[in-house]
Structure formats: structure tokens, C-alpha cells
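> build me a model from this:
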Amino acid sequence: MPSTERSQRTTSAGVIGFMIGAVVFAALAGLLLSRLLGQRYAQEPLRAVVVAAADLPAGQPLSTTDLRLADWPVSSVPRGAFAAVDDLMRLQTVPLVPLAQGAPLLAGQLAATGSGMGAAAKLGDGQRAVAVHTDAVLALARLLYPGARVDVLATLRSFETGAGSKPVQTKVILQNVTVLAVGADLDPASAWRRGGVAPGATVLGGVDGMPAMRPRPTKPSAAW
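Down below sits the predicted model:
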């Protein structure tokens, strides 16, 4: 047998042997790592945590069928988690943000007790909800979504005539208003899935309590 052919066979056998050894080593390393991790989590105590049994929208009342218990390692339990479904149900609260299935319910994600449901749950102390209709321009631009900060402008058409009169004026009547809801959407994810604001949809904004404005003989048309 020529020496060249013997050398090629020896090289091929060496490569195959090296590959087999690498595969066996990787399998042993993976098995060892799996056992180490399993022992670690098996030794760590678990704690029951209340999680969402299904995807939960924001602002909707909770029922016992919406919730379930899941075991979490004690070191991974998030702050504000609940250990019993009854403890959460006694609060009579609603989530302020949408929750995915399996997500833990945290105290910081829930509305204050007795604050109501829907957009009312998002109102702060002393705030009022103001409703404004949108137009097609805002609908197409997707400029409005729950959680956005906006200013409210009013265009006033005066019926007064004479020197110095201004038939049309635009004024800022509200500043830095938080959008609570856009139509039926209480969170940005829902608004985005719908493809933006529908023309003519009602937008709710939360504003701090303020004295009533004295009516004047004008014809206002408010816009965001």
C-alpha cells in the first residue's frame, strides 16, 4: 500500500475519532450541567404566586377564573406579588396594564381599591375625565394612544363684528393631559393592534380638578 494512501486513511481515522470524542464530551458536559442546575432548583424552596390564567386586558374586573397559583423559586418572586387568590379578590381592583398569561399580578400594576373599572380606574386623586372627539387626520397619523401626553386646543369662532374683533382664535385650554383611553382601548398594545384611532372615536383624558369656565357667546370646536 502506498504511503500516501496510508497517510490519508490515518488522517481520516484521526478526524473521525476527534469528532466522536468531542460529541461525547459535549454530551457529558450537558448532562453534568443539567444535574447541577436541577439540584440547585430542587434545593431552593418554592412559594405560591398568583398569576394570570389567561391574557387579561387593562381596566376589566377580575374573577377567580382569571387567576391561578404557580410555584416560583423564593429568590425570584417579584416584589408586590400575591400569595393567595382570595387576598387579591378582596381588594376589588382591576389591572392598570394588560397582563399576559402566566404573568404575576403585582400590587403596583393594580388600581386603588374602590377606584372603579375601565378608564375610571386610571384617574388620579382629584382628576376628572374629559372626552374629546377625534378627526380623520389624527386617526391616520396614530398620534393618540393610551398613556400619551397631549395639549388640548380650542378654536373659537366669534360672532362679534367691528373694529378689532377676531372672528377666529385658537387657544390652549388644557396642557399635558394624560390620555386614559382611546375608544375602547385602555392600553397602547390594544390601540396598536386596531391600527390606530378610528375617525370619530372618543378620547378620554385625565385632567386635574379645575373651576368651571364661564360660557361665552362663541362656537367652540375642540381638538387634540
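
> going forward, measure contacts and count neighbours with C-alpha atoms only.
Noted.

> tally of neighbours for A107?
Other residues lying near A107 total 15 when counted by other Cα atoms under 10 Å.

> need the contact list for it.
80-82 (Cα atoms under 8 Å, 6 or more residues apart in numbering).

> quick check: phi and psi at it.
Main-chain torsions, A107, degrees, to the nearest 10: phi -60, psi -40.

> same deal with A53?
Backbone torsions of A53, given as degrees, to the nearest 10, read phi -80, psi -20.

> ChimeraX command to pick out the buried ones of the contacts of A107?
Command for ChimeraX that selects the buried part of the contacts of A107, burial taken from 16 or more other Cα atoms under 10 Å:
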select :81,82
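
> out of the contacts of A107, which is nearest to V50?
Using Cα to Cα, F82 is the member of the contacts of A107 that sits closest to V50, with 5.5 Å.

> ok, that closest one touching M89?
No. Distance between F82 and M89: 10.4 Å, which falls outside the contact criterion (Cα atoms under 8 Å).

> now the common contact residues for those two.
With the criterion set as Cα under 8 Å, 6+ apart, the contacts of F82 and M89 do not overlap.

> show me the contacts for T170.
Applying Cα under 8 Å, 6+ apart, the residues contacting T170 are 153-156.

> nearest to L67, out of the residues you listed: which one, please.
Proximity of the contacts of T170 to L67 was ranked by Cα to Cα; the top entry is L153 with 42.9 Å.

> just to be sure, the closest one is in a strand?
Yes. Assessed with DSSP: H, G, I helix; E, B strand; the rest coil, L153 lies in a strand.

> okay, strands next: where are they in this structure?
46-52, 67-73, 127-133, 149-158, 168-182, 202-208, 218-223 (DSSP state E).

> only the buried residues of stretch 51-62, if you could.
By neighbour count with 16+ other Cα under 10 Å, stretch 51-62 contains the buried residues 51-53, 56-62.

> can I get these in a markdown table including distance to V23 and pLDDT?
Rendered in a markdown table, the data for the buried residues of stretch 51-62 read as follows (distance: Cα to Cα, whole Å; pLDDT from 0 to 100):
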| residue | distance to V23 | pLDDT |
| --- | --- | --- |
| V51 | 41 | 93 |
| A52 | 42 | 92 |
| A53 | 41 | 91 |
| L56 | 45 | 86 |
| P57 | 48 | 81 |
| A58 | 50 | 78 |
| G59 | 53 | 75 |
| Q60 | 53 | 78 |
| P61 | 54 | 81 |
| L62 | 52 | 86 |
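
> rebuild those as a markdown table, extending it with distance to L180.
Putting the buried residues of stretch 51-62 into a markdown table (distance: Cα to Cα, whole Å) gives the following:
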| residue | distance to L180 |
| --- | --- |
| V51 | 25 |
| A52 | 23 |
| A53 | 26 |
| L56 | 18 |
| P57 | 14 |
| A58 | 11 |
| G59 | 10 |
| Q60 | 14 |
| P61 | 17 |
| L62 | 20 |
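
> which among those gets closest to L99?
L56 (5.0 Å).

> just checking, the closest one touches L99?
Yes. Using Cα under 8 Å as the test, L56 is close enough to L99 to be in contact (5.0 Å).
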